[in-house]
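J.: Got a predicted structure here, sequence first:
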Amino acid sequence: MPNPLFQQFGGSQYGSMQGMVNRFNQFRRNFQGDPRAMVQQMLNSGQVSQARYDEAVKTANALRSFLKL
């Protein structure tokens, strides 16, 4: 089963884990605003379902644990 986080940031388009990390760092540098407020707004508007949010939180927590953040 493909890694959903890897796919989210371009998957094999970037060819490697380092490519994914570079893409994420670019995203982080360009992101503006309050991420929590943005996610809450997306939940409230129905743009993101609660199930999709819960899945993303689970993935983020696994990644945080893996990276020891």
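T.: Okay, I see it.
J.: only C-alpha atoms for contact and neighbour calcs from this point on.
T.: OK.
J.: mind listing the helices in this structure by residue range?
T.: Using DSSP state H, the helices found in the chain span residues 4-8, 17-30, 35-45, 50-67.
J.: Columns mean pLDDT and mean neighbour count on top of the ones you listed, output as JSON lines?
T.: As requested, these are arranged in JSON lines below (pLDDT from 0 to 100; neighbours: other C-alpha atoms under 10 Å):
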{"stretch": "helix 4-8", "mean pLDDT": "65", "mean neighbour count": "13"}
{"stretch": "helix 17-30", "mean pLDDT": "83", "mean neighbour count": "13"}
{"stretch": "helix 35-45", "mean pLDDT": "92", "mean neighbour count": "12"}
{"stretch": "helix 50-67", "mean pLDDT": "88", "mean neighbour count": "12"}
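J.: Spell out which residues sit in contact with R28, please.
T.: Remark: with contacts taken as C-alpha atoms under 8 Å, 6 or more residues apart in numbering, R28 is in contact with nothing.
J.: From the chain's centroid, how far away is stretch 56-69?
T.: Distance of stretch 56-69 from its chain centroid, counting by C-alpha atoms, centre = their mean, to the nearest Å, is 10 Å.
J.: wait, I meant stretch 31-40
T.: If you compare the mean C-alpha spot of stretch 31-40 with that of the full chain, they lie 13 Å apart, counting by C-alpha atoms, centre = their mean.
J.: cool, and stretch 42-58?
T.: Between the mean C-alpha point of stretch 42-58 and the mean C-alpha point of its chain there is a distance of 12 Å (C-alpha atoms, centre = their mean).
J.: could you dump that stretch to CSV, C-alpha only?
T.: Below are the C-alpha coordinates for stretch 42-58, written out as CSV (Å, rounded to 0.1, in the frame of the first residue of the first chain):
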residue,chain,number,x,y,z
MET,A,42,-12.1,23.7,6.5
LEU,A,43,-13.9,21.4,9.0
ASN,A,44,-16.7,24.0,9.6
SER,A,45,-17.3,24.6,5.9
GLY,A,46,-17.3,20.8,5.1
GLN,A,47,-14.3,21.2,2.8
VAL,A,48,-12.7,18.5,4.9
SER,A,49,-14.6,15.7,6.6
GLN,A,50,-14.1,14.7,10.2
ALA,A,51,-12.9,11.3,9.1
ARG,A,52,-10.3,12.8,6.8
TYR,A,53,-9.2,15.2,9.6
ASP,A,54,-8.9,12.3,12.0
GLU,A,55,-6.8,10.3,9.4
ALA,A,56,-4.5,13.3,8.9
VAL,A,57,-4.1,13.7,12.7
LYS,A,58,-3.2,10.0,13.0
